[in-house]
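[1] Have a look; sequence and predicted model below, questions after that.
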Amino acid sequence: MNFKLFFKHRATELSLTIIFVVGFALLVATSGGVLLTRQSLQGFLTYLAVPIVIGMAQMVVLAIGQMNLAVGAMGGVSAAIMAVLMADHHLPIWLALLIGFLSATAVGAINGALVVITQLNGFIITLGTMTILLGFQYRLVRTFTVDSYPKSLPDFGNKNILGFPLILVIAFVTSVLLSLFFSRTVTGRQVLATGGNHIAARLSGISNGRSVFIAHTLSGSLVGIAAIITISSLPGINRSIGGDWMLASFAAPIIGGVLMAGGTVAVFGTVVAAGVVRLVDIARAQYSLDPSIVSLTVGIVVLSTVALSEWRRRSSQRALEGKKDAK
Amino acid sequence: MSTVLIMRRIVSDQRVVLTTLTVGLFIYFGLKNSAFFSTDFVIYPLLRDGAVLTVIGLAQLCALSVGHLNLAVGRMAAVAALASGAAYQYWHLSLIPGLLIGLCVGGALGFVAGLIIVKSQVNAFIVTLAMDFALLGFVTFVYVTFTGATAAFITKPKGMEFWRNTSLHQYCIGGVCGPKVFPMMLVPAIVALILVGFLYAKTRLGRELLSTGSNLRAAKLSGIPVDYRVIMAHTFSGLLAALAGVMLAFTNGSFTASIGSQFMLPSFLGPVLGGTLLVGGSVQVLGTFIGTMLTLVIRQGLSVQGIGLETLNIALGLVLLTALSLGQIQKMFTTIRMRGQT
């Protein structure tokens, strides 16, 4: 195995992993070991699950060179549907969760269909659906917090497998499946091809419309999973659920090395980046800083990552061209 | 030209259709509930909000003219309002210098956004989105650090009350006074409309911006410095966003971190309804004003009917999606007709 090549291709993931390990060690050291107690580790890992899954929900849309502004609103509505079905209509848990998951998937499919039909950028379409969904979320839960669902759901959320929270395991399994989808299936490769160069994709017989539709639908399904994780790990569902998902959903994939122009995914990078963002959050709590400092830091990091990655891509391209000329 | 042709042209003009729709809806809401015709409680605030949202629509329009988007309009407005508010609170500046500081800050932010876009060649919406996140943290952080629990600058410069509360009623020429429903806030909005309209309709710079938007390569080949034009478009966008931010702060009576947080959707609704293309190359300055007023009439009309916030959101989202799809359907029909002719 060529190690040099390996490091070159995995540079982002490797440096992120190092940052994560060093940052975690620093936090443990400065907190005097408090972070290593069972309870705070549990909290750290439990609230890592949602950022990972919504990061991936954004990632699949970024893979086709678009974005999904409605991630938060879709998650909020989906969680609200589950909560209301269980609390007011007394549906069994599995059915309520299934309906919520399917409705998120359906909204994703609608987004995809609208993008394909109108030929507009996904950004503006999802801005529209986001507004509509925020209205629905408010209509569903009003100003209340819905929490009168069966006790077995929070129990499910608190379960552990080999010391890991079950919901984090769900997030990991989802990311492995997604990674396999993009690397091993024809459909996954086709979606990536559309994102990389849609003219080349069309010329090689790929239906770009189908790829766009699949990416948006998949994004909806992932949001549905995030909603299931949310409802089983939080004490109640209100209208603020999903309100702070947008930054997190973009931060994880962009920092994790997904190109904004489309055509790439970085599942592992996204997962590690979500962990790094979570560390910033923990650090804020530890030094009792204002919450706004988190979005300031993450925003600046995202901005510089975007600029840097593009600069790196262009300089490597220039180097390639130089090599060609030399020959 | 035959009258039929003129008639057809008038009817097919999007602005005429929009104005008719706006006025029609206004009368419809008024007939359903006569409280809607109240000058003090409905029409005056409607026009005042319309003034602010038109300016933010124009800010978006500048970015759209070169085929870009500015997702940070709201936060640029917030930072500009922050700067103006600080100028009033700590340096006790009077109204105009404080406003100018805000405008400079907004323009500078737009310039930085444009510069990053041009230098890094990253999509405009990603750069402005990341900027939005960074500024969001910055604004809240500054307000909380400097003002503590109030989280607002509350010093009101002299003349602020005049701008936020009075109408053209105060001015009389030869015994004829201005209408009472005309808020003073509309004056800066109209100035902005005229300036932006003049820029795009009459100046070389405006035409160069539009050609940059409609076809970057062609613009470059015809000698237009496209990079500078992109930076300029974003600078104008930042400037106008700043103006809207300060105007909103005046309307509210205080400078807070929440200024601009509701700007994103209206900033797109106005220009898009007014007929500005999302892909660049064509702008409708007056249409932005009419589009903004249409959305406000829908919003106000529904809320006078006692319909809640949630339905308003649903309605506005549907309006945006319908407007976008209509444009596309229209284009489809034109293509089909053209195919039929050849």
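    Happy to help now that I have it.

[2] ok, the residue nearest the centre of chain B to residue B:295 distance?
    Centroid check for chain B by C-alpha atoms, centre = their mean gives residue B:57 as the closest residue, at 1.9 Å. In this structure, residue B:57 and residue B:295 are 10 Å apart, going by C-beta to C-beta, to the nearest Å. Backbone N, C-alpha and C define where each C-beta goes, glycine included.

[3] Then residue B:317?
    11 Å.

[4] just residue B:269 next, same as before
    On the measure of C-beta to C-beta, residue B:269 and residue B:295 end up 5 Å apart.

[5] got it, and residue B:63?
    With C-beta to C-beta as the criterion, residue B:63 and residue B:295 are 19 Å apart.

[6] can you tell me the helix or strand for the closest residue to chain A within the stretch 151-300 of chain B?
    The minimum distance from the stretch 151-300 of chain B to chain A, using C-beta to the nearest C-beta, falls at residue B:265 (5.7 Å). With secondary structure defined by DSSP states H and E, residue B:265 is part of helix B:264-274.

[7] Would you mind pulling the contact partners of that helix?
    A:124, A:127, A:131, B:14-15, B:18, B:53-54, B:56-61, B:64, B:70-71, B:73-74, B:278, B:283-284, B:286-292, B:294-295, B:316, B:319-320, B:323-324 (C-beta atoms under 8 Å, 6 or more residues apart in numbering or on different chains).

[8] can you tell me which of the residues you listed are in helices?
    A:124, A:127, A:131, B:14-15, B:18, B:53-54, B:56-61, B:64, B:73-74, B:286-292, B:294-295, B:316, B:319-320, B:323-324 (DSSP state H).

[9] Near chain A, which residues of the stretch 101-250 of chain B are found?
    When proximity is defined by C-beta under 8 Å from any C-beta of the partner chain, the stretch 101-250 of chain B lies next to chain A at B:116, B:119-123, B:125-127, B:129-141, B:144-145.

[10] Quick check on the residues you listed: which are buried?
    B:116, B:120, B:122-123, B:125-127, B:129-141, B:144 (16 or more other C-beta atoms under 10 Å in any protein chain shown).

[11] More neighbours: residue B:269 and residue B:295, which one.
    residue B:269 (28 against 23; other C-beta atoms under 10 Å in any protein chain shown).

[12] could I get stretch B:132-146 in PDB with only the CA atoms?
    Only the C-alpha atoms of stretch B:132-146 are listed here, as PDB (Å, rounded to 0.1, in the frame of the first residue of the first chain):
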ATOM      1  CA  ASP B 132     -23.800  34.600   8.000                       C
ATOM      2  CA  PHE B 133     -22.900  32.000  10.700                       C
ATOM      3  CA  ALA B 134     -19.700  33.900  11.700                       C
ATOM      4  CA  LEU B 135     -21.500  37.200  11.900                       C
ATOM      5  CA  LEU B 136     -24.400  35.700  13.800                       C
ATOM      6  CA  GLY B 137     -22.100  34.700  16.600                       C
ATOM      7  CA  PHE B 138     -20.200  38.000  16.400                       C
ATOM      8  CA  VAL B 139     -23.400  40.100  16.700                       C
ATOM      9  CA  THR B 140     -24.800  38.300  19.700                       C
ATOM     10  CA  PHE B 141     -21.400  38.200  21.400                       C
ATOM     11  CA  VAL B 142     -20.900  41.900  21.100                       C
ATOM     12  CA  TYR B 143     -24.400  42.800  22.300                       C
ATOM     13  CA  VAL B 144     -24.100  40.500  25.300                       C
ATOM     14  CA  THR B 145     -20.500  41.700  26.100                       C
ATOM     15  CA  PHE B 146     -21.200  45.400  26.000                       C
END
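
[13] Identify the residues contacting it?
    Counting by C-beta under 8 Å, 6+ apart, A:247, A:250-251, A:290-300, A:302-303, B:71-72, B:74-76, B:78-79, B:82, B:86, B:109, B:151-153, B:256-257 sit against stretch B:132-146.

[14] which residues do residue B:269 and residue B:295 both contact?
    B:316, B:319.

[15] If you rank every helix and strand of chain A by mean pLDDT, what lands last?
    helix A:3-9 (a mean of 65; mean pLDDT, DSSP states H and E).

[16] so how far is the helix holding residue B:265 off the chain centroid?
    7 Å (C-alpha atoms, centre = their mean, to the nearest Å).

[17] Equivalent analysis for stretch B:270-279, please.
    So, by C-alpha atoms, centre = their mean, the centroid of stretch B:270-279 is 11 Å from its chain's centroid.
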